[in-house]
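>>> model the structure of this input:
(2 chains)
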Amino acid sequence: GENVEQHPSTLSVQEGDSAVIKCTYSDSASNYFPWYKQELGKRPQLIIDIRSNVGEKKDQRIAVTLNKTAKHFSLHITETQPEDSAVYFCAASILSIQGAQKLVFGQGTRLTINP
Amino acid sequence: DAGITQSPRYKITETGRQVTLMCHQTWSHSYMFWYRQDLGHGLRLIYYSAAADITDKGEVPDGYVVSRSKTENFPLTLESATRSQTSVYFCASSVAGANEKLFFGSGTQLSVL
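Numbers count the residues shown, from 1 in each chain, chains lettered A, B, ... in the order given. The predicted model follows:
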């Protein structure tokens, strides 16, 4: 079936260190891969996304890499800060039989930044 | 984002009752989505809609009904609530589909006793 696997489920790093979260997807036709951040009690918000025609995208301390051959993509956060503590979700777009796009999410990673 | 609102914010109901969760967006976005969030499962897609009168099932549609008679509204109905439907429900919208940024509502926390 169509699914997105995300690892690890929890991640704890020291402030200033880097954090990496990895996802794999099953549908080779997927072409859009966003990452959402959800702070405690808040709604998910898009932080970065990548499309299948590029292998890497960077926005300040956040970067995402995509390996279409292996069907996996990763989120990299450098120089982590306390405000990076949140749950992060990866997702992949999937084309339905009816021709509409739907977004399937991974299970989430709870990232904790230790001061 | 104030442009997409969900109501109620909290809801407690009993098994077997019908419950409707409301979602309203003011941007005229074509696509709208309903997700449920449960610990260990992330965000799972219940139903989505590409336009008014066009809806389709997601990953976990059983026990839910949706309608989209107007572009701005996308209500989710639990026909006969079960305890397994206790969850946080998020509505989202996007301009042109799942290949674009999703704007999420603030969520509805539903408890089925």
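
>>> contact residues of chain B facing chain A?
By CB under 8 Å from any CB of the partner chain, the part of chain B that sits against chain A consists of B:31, B:33, B:35, B:40-45, B:48, B:50, B:54, B:56, B:58-59, B:90, B:97-99, B:101-102, B:104-107. C-beta: built from backbone N, CA, C; applies to glycine.

>>> which positions within the longest strand along chain B qualify as buried?
In chain B, ranked by residue count with DSSP state E as the criterion, the top strand is strand B:42-51. Using 16 or more other CB atoms under 10 Å in any protein chain shown as the test for burial, strand B:42-51 gives B:42, B:43, B:44, B:45, B:46, B:47, B:48, B:49, B:50.

>>> does the first one have any beta-bridge partners, and if so which?
Counting by DSSP bridges, residue B:42 is bridged to residue B:38.

>>> that one contacts residue A:105, doesn't it?
Yes - counting by CB atoms under 8 Å, residue B:42 does reach residue A:105; the two are 4.8 Å apart.

>>> which neighbours do these two have in common?
Common neighbours of residue B:42 and residue A:105, counting by CB atoms under 8 Å, 6 or more residues apart in numbering or on different chains, are residue A:89.

>>> which one of the buried residues of strand B:42-51 is nearest residue A:115?
Residue A:115 has its nearest neighbour among those in residue B:42, at 27.4 Å by CB to CB.

>>> for the closest one, give its distance to residue B:55.
Residue B:42 sits 22 Å away from residue B:55, taking CB to CB, to the nearest Å as the criterion.

>>> how about residue B:72?
15 Å.

>>> neighbour count winner among those two?
residue B:55 (19 against 16; other CB atoms under 10 Å in any protein chain shown).

>>> and residue A:24, what helix or strand is that in?
strand A:19-25 (DSSP states H and E).

>>> paired strands for that strand, with orientation please.
Per DSSP bridges, strand A:19-25 is paired in its sheet with strand A:4-7 (antiparallel), strand A:72-77 (antiparallel).

>>> in the first one, what counts as buried?
Think strand A:4-7. A:4, A:6.

>>> kindly report the same for stretch B:83-101.
B:85-94, B:97-100.

>>> chain center to it: distance?
Distance, stretch centre to chain centre, for stretch B:83-101: 6 Å (CA atoms, centre = their mean, to the nearest Å).

>>> mean confidence score for the strand ranked longest in chain A?
If you go by DSSP E, chain A has its longest strand at strand A:86-95. Average pLDDT, strand A:86-95: 92.

>>> swap in stretch A:36-47?
Mean predicted confidence for stretch A:36-47 is 95.

>>> can you list contacts of it?
So stretch A:36-47 is contacted by A:34-35, A:59, A:62, A:86-89, A:91, A:105, A:108, B:43, B:90, B:101-102, B:104-107 (CB under 8 Å, 6+ apart).

>>> strand partners (parallel or antiparallel) of the helix or strand of chain A with the lowest mean pLDDT?
None of the helices or strands of chain A scores lower by mean pLDDT, DSSP states H and E than strand A:101-105, at a mean of 85. Its sheet considered, strand A:101-105 pairs with strand A:86-95 (antiparallel) by DSSP bridges.
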